[in-house]
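*Asks:* Need coordinates for the following:
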Amino acid sequence: MFKKNCLQRVSPFTALIIALLLALLCAGVAHAVLVNNKISGNITGDGKVSNHYGISPDGHHTVFIADVLGDGKKLLYSVRTLGGEVLLLSTDLPADCRVDHFLITPDSQSVVYQTVTNATDSCGLYAVPIRGGTPIELDLRTSGIDLLNIQITDDSANVLYVQNRLRSFSTLFLISIGGGPRQVIIDEFDGTLTFKTTSDGQSIIIYQNLPTGPIRLIHSDLTGNKSLLVESEDFIPDYLITPDNNYIIFRRQISSKTDLFSIPINGGTQRKLNFYLADGKRVRSYRVTPDSAYVVYQADEMIQDMDLLYRAPVDGSTDRIPLITDTFADSSKSVYLFEISADGQWVVFSGDLEMDNRYDLYSVSIHGGVKHRLNEGMIDAGDVIHFKISPDSRGVVFIADYSIDNVNELFAVNMAGTWGMRLNTDLPSGGNVSNFKISNNSQNVVYRADQEIDTIQNLYVVPSTGGIPLKVNPELVPGGSVRVYQITPNDRGVVYLADQDVDNKDELFVTYDFQPPTNITLSNNKVQENQPVNTVIGVFSTADPDIGDSFTYSLIPGVGDNASFNICANTLYSSEVFDYASKSVYTIRVKTTDQGGLSIEKNFTIEIIENNSIFLPLVTR
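*Replies:* Here you go, the predicted structure:
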């Protein structure tokens, strides 16, 4: 970077020329480049990183499975998410074993991983600190044993898993993350065994399907004290625990119909939540509001094979209400998919309610009422392919062939459908947006698309309110493509898998710097009158939540007294000789731009100080 010289005793014309040249030199610094690092280390031969990788909940580490040496042996590694030394976690693994699966503890301190042989027999279950260390063996290598449904309790203290022997006999174990004796929760039995834990990590709901007997839902604490909740000769296809851990919601298939029920988690009366169903009708899917007050379910209650949405209280205290109150002329209309907003106030769903086989997007209040179509103006041949509600519950992002049949693009719309726009730029012939993720703060959308060249999948980030998308990854080698990606928990970057440097060699990369600056400050806003042109006034600095950001600064043309000042690098200089008597206060507007091209603007007041110096005659001794 060039360092600016403060020139004195020059004519006004010369000063103007110098200021213009310096402005041009400094403008060259403003090129924005997203910071990109390869974080998976040196991978040789035919080695590559597996699709299975994860970012710790605190965002500090990325854990991944990789065949680093190209010899087919998949091992487990961790690295700081922004790059650094790659640590081998699965040390001393037997020659015929490989890492198959892993989980990161909710407190981000440890990793639990399963190892298997090529025949998929268990090679053991281990826990290891995420920063490296000696693995602790939680379950021994045993021939003919599978380990299934491995879960870590939400307090990060324990691991629950099913040990399946000879593909038939199952036992549910609990063991401390630090190792020690195992606690048997369910003794060995012949049948299907799965389980779910409550969000506080203190209870287990066990699903037990006996080959020749009933299906059971069982409540257990962590010591193995159990109580029977449901025992049914009818098939129970699925169940869930409400967010407040007070109820179990489950479907039960009775003859040729499927009803929805709730029961208190500590036992009590089962209550049917849906209205009466005739034979052949069924509840197909269901979700619980975040406050655990209501269940929204999809069923053909009113007309056979017409799936609509209904809302019922979790405790069954009052009757259900229909969320869609339209009258339909035929039974071919149906809801396809639905979601509940994080604030529990909205249900967003897709369905062919207006035109057969065209899937539109709608929102409706959790209390019912008028539904809003969110994709107004879409062509008759179009379809909403995929959608997600923003975490702040204010809008919806969706993929649809909205304008051109079979050309899938990305859109954002507010919850009431009164505002919406396309997020991607024009696509080449054959191009499509493949998928997307919304940042946790709802400010940005990251999407994968062949937006520049057909079949070349790149990543882009764009504000959820619209703007110019920035490419997340640098240029890929010929044949390269981004495979999968995850936004970091703090929304500051994306970790993605791609053959970015070598064709067909999948490696992990991180690009960060997605948060805009939050403030600009100036170290000094006062300058004495009669100082020469290009006198230093102050130094700008920027507050930004992103790590390791650098910034450029510029004056916004046409605002205030910008012509009286100039900026080079991060320093504000004068562009004229100020006279306090003529003008004592000036206003400028400054823009700061970070490495990702994100910026904010701010007004500053510059004060001219009157020169009251008293000049005395020089006295010599």
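*Asks:* CA only for contacts and neighbour counts going forward, please
*Replies:* Will do.
*Asks:* How about residue 501: what's its closest non-neighbour residue?
*Replies:* Nearest residue to residue 501, sequence neighbours excluded (CA to CA, 6 or more residues apart in numbering): residue 477, at 5.8 Å.
*Asks:* what's the neighbour count on that neighbour?
*Replies:* 13 (other CA atoms under 10 Å).
*Asks:* list the contacts for it?
*Replies:* 499-503 (CA atoms under 8 Å, 6 or more residues apart in numbering).
*Asks:* again, 10 Å this time
*Replies:* Residues in contact with residue 477 (CA atoms under 10 Å, 6 or more residues apart in numbering) are 499-504.
*Asks:* same thing with residue 292?
*Replies:* 241-247, 313-315, 344.
*Asks:* cool, and residue 461?
*Replies:* Contact analysis of residue 461 by CA under 10 Å, 6+ apart lists 423-424, 436-439, 444-448, 467-472, 493-494, 514, 596.
*Asks:* again, only this time at 6 Å
*Replies:* Residues near residue 461 by CA atoms under 6 Å, 6 or more residues apart in numbering: 445-446, 469-470.
*Asks:* Any idea which of those residues the model trusts least?
*Replies:* In this model, the minimum pLDDT among these belongs to residue 470 (88).
*Asks:* residues contacting that one?
*Replies:* Applying CA under 6 Å, 6+ apart to residue 470 gives the contacts 460-461.
*Asks:* In TSV: the contacts of residue 477, plus pLDDT and secondary structure.
*Replies:* Output for those, formatted as TSV (pLDDT from 0 to 100; DSSP: H, G, I helix; E, B strand; the rest coil):
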residue	pLDDT	secondary structure
499	95	coil
500	96	coil
501	95	coil
502	93	coil
503	92	coil
504	91	coil
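*Asks:* Which one (most neighbours) among these?
*Replies:* For the contacts of residue 477, the largest number of neighbours (other CA under 10 Å) sits with residue 500, at 24 neighbours.
*Asks:* Would you check that that residue makes contact with residue 476?
*Replies:* Yes. Between residue 500 and residue 476 a contact is recorded at 4.6 Å, counting by CA atoms under 6 Å.
*Asks:* Any stretches of this structure with poor pLDDT?
*Replies:* Applying pLDDT under 70 to the chain flags residues 1-34, 166-167, 188, 329, 514-515, 545-549, 595-596, 613-621.
*Asks:* Domain parsing of it, as residue ranges.
*Replies:* 12-32+517-609, 234-322 (automatic domain parsing).
*Asks:* Could you check stretch 366-381 and say which residues are buried?
*Replies:* 366, 368, 371-375, 378, 380 (16 or more other CA atoms under 10 Å).
*Asks:* likewise stretch 60-70?
*Replies:* Buried-residue list, stretch 60-70, by 16+ other CA under 10 Å: 60-68.
*Asks:* Quick one: distance of that stretch to the chain centre.
*Replies:* Here the centre of mass of C-alpha atoms in stretch 60-70, compared against the chain's by CA atoms, centre = their mean, to the nearest Å, lies 21 Å away.
*Asks:* Now residue 137: which helix or strand?
*Replies:* strand 136-139 (DSSP states H and E).
*Asks:* show me what contacts residue 414?
*Replies:* Contacts of residue 414 by CA under 6 Å, 6+ apart are 394-395.
*Asks:* Identify the bridge partners of it.
*Replies:* residue 395 (DSSP bridges).
*Asks:* separation between it and residue 393?
*Replies:* Distance, residue 414 to residue 393, using CA to CA, to the nearest Å: 9 Å.
*Asks:* same question, residue 435
*Replies:* With CA to CA as the criterion, residue 435 and residue 393 are 20 Å apart.
*Asks:* now residue 311
*Replies:* Residue 311 sits 19 Å away from residue 393, going by CA to CA.
*Asks:* can you check residue 608 too?
*Replies:* 49 Å.
*Asks:* ok, the two, which is more surrounded?
*Replies:* residue 608 (20 against 17).
*Asks:* Correct me if wrong, but the more buried one is in a strand.
*Replies:* Yes. Secondary structure of residue 608 (DSSP: H, G, I helix; E, B strand; the rest coil): part of a strand.
*Asks:* Skipping its backbone neighbours, what lies nearest it in space?
*Replies:* residue 584 (4.8 Å).
*Asks:* what's the answer for residue 110, then?
*Replies:* Closest residue in space to residue 110, ignoring its immediate chain neighbours: residue 129 at 4.3 Å, by CA to CA, 6+ apart.
*Asks:* got the residue ranges for the strands in the stretch 101-250 of the chain?
*Replies:* 110-117, 122-129, 136-139, 145-152, 158-165, 169-176, 183-190, 192-197, 203-209, 215-221, 226-232, 239-241, 247-254 (DSSP state E, counting those that start in this stretch).
*Asks:* can you tell which of the ones you listed is closest to residue 86?
*Replies:* strand 122-129 (13.8 Å; CA to CA).
*Asks:* Contacts for that closest one next, please.
*Replies:* Under CA under 6 Å, 6+ apart, the answer for strand 122-129 is 109-116, 135-141, 145-146.
*Asks:* Of those residues, keep whichever come out buried.
*Replies:* 109-116, 135-139, 141, 145-146.
*Asks:* which of those residues are the two that sit furthest away from each other?
*Replies:* Longest span within the buried ones among the contacts of strand 122-129, CA to CA: 109 and 145, 28.2 Å.
*Asks:* what sits against residue 610?
*Replies:* Taking CA under 6 Å, 6+ apart, we find residue 610 in contact with 529, 580.
*Asks:* how close does it get to residue 535?
*Replies:* Residue 610 is 16 Å from residue 535, by CA to CA.
*Asks:* Quick one: end-to-end distance for stretch 456-474.
*Replies:* 13 Å.
*Asks:* ah, wrong one, I meant stretch 493-504
*Replies:* Terminal-residue distance, stretch 493-504 (CA to CA): 24 Å.
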